[in-house]
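*Asks:* sequence first, predicted coordinates after that:
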Amino acid sequence: MDSNCIFCRIIAGDIPSSKVYEDEYVYAFRDINPQAPVHILVCPKEHIACADAVNAENSVHVAKIFEAIAKIAKAEGLTNGYRVINNCGEDGGQTVMHLHFHIIGGIKLGEKIL
C-alpha cells in the first residue's frame, strides 16, 4: 500500500467509497464523476502504478481484475455490452497513479472512445 495514493486509501477503508465488489485481489467502486449510468472503477488491491508497471510478478492481479469485471458487469445488468477503459500515464489521461480500469455502460455507447 502506498499511503500517498488515494486509491490505496480507499481500498484500506480510510476514504469512503461506494463499493460494488471486493475479493482477495480486487476492489471496485462507483466513480464519483460518472460518465454513464454505470461507471465503476476496478483496482488491484496491490499498488501497481499503471499498465507500464505490470510484470510477471504482478500480472495475476490484472487477470483477477478481468475475472471480476465480468462478474460486476453481470451484477450491474450490463447484458448487452459495456466498455472497459484503462488510462496509462499523463498523456493517456491517468489522473490517479494506481492501475485501474473503468467499466462504462448502461447506455448505448458510440464507436468513439467515450
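*Replies:* Okay, I see it. All figures in this text were calculated on a predicted structure; none of them were measured in a lab.
*Asks:* the residue nearest to Glu76 when sequence neighbours are not counted pairs with what?
*Replies:* Spatially, and ignoring its direct neighbours in sequence, Glu76 is nearest to Val38 (5.1 Å; C-beta to C-beta, 6 or more residues apart in numbering). Backbone N, C-alpha and C define where each C-beta goes, glycine included. Beta-bridge partners for Val38, by DSSP bridges, are Gly105.
*Asks:* against Gly77, how distant is Val38?
*Replies:* Distance, Val38 to Gly77, by C-beta to C-beta, to the nearest Å: 8 Å.
*Asks:* give me the common contacts of these two.
*Replies:* Taking C-beta atoms under 8 Å, 6 or more residues apart in numbering as the contact rule, Val38 and Gly77 both touch Gly106.
*Asks:* who has more neighbours, these two?
*Replies:* Per other C-beta atoms under 10 Å, whichever of Val38 and Gly77 has more neighbours is Val38, with 20 against 11.
*Asks:* surely that one and Val84 touch.
*Replies:* No: counting by C-beta atoms under 8 Å, Val38 does not reach Val84; the two are 11.8 Å apart.
*Asks:* which neighbours do those two share?
*Replies:* Counting by C-beta under 8 Å, 6+ apart, the residues touching both Val38 and Val84 are Ile103, Ile104.
*Asks:* which helix or which strand is home to the residue positioned nearest the centre of the chain?
*Replies:* For the chain, Val42 is the residue whose C-alpha lies nearest the centre (C-alpha atoms, centre = their mean; 2.2 Å). Element membership of Val42, judged by DSSP states H and E, is strand 38-44.
*Asks:* can you check Ala68 too?
*Replies:* Short version: Ala68 belongs to helix 59-75, going by DSSP H and E.
*Asks:* what is the rounded mean pLDDT of the helix or strand hosting Val84?
*Replies:* Under the criterion DSSP H and E, the helix or strand holding Val84 is strand 83-85. Mean pLDDT, computed over strand 83-85, is 96.
*Asks:* can you give me how far that strand is from the chain middle?
*Replies:* From the chain centre to the centre of strand 83-85 is a distance of 9 Å (C-alpha atoms, centre = their mean, to the nearest Å).
*Asks:* now stretch 30-42
*Replies:* 9 Å.
*Asks:* thanks a lot, catch you later.
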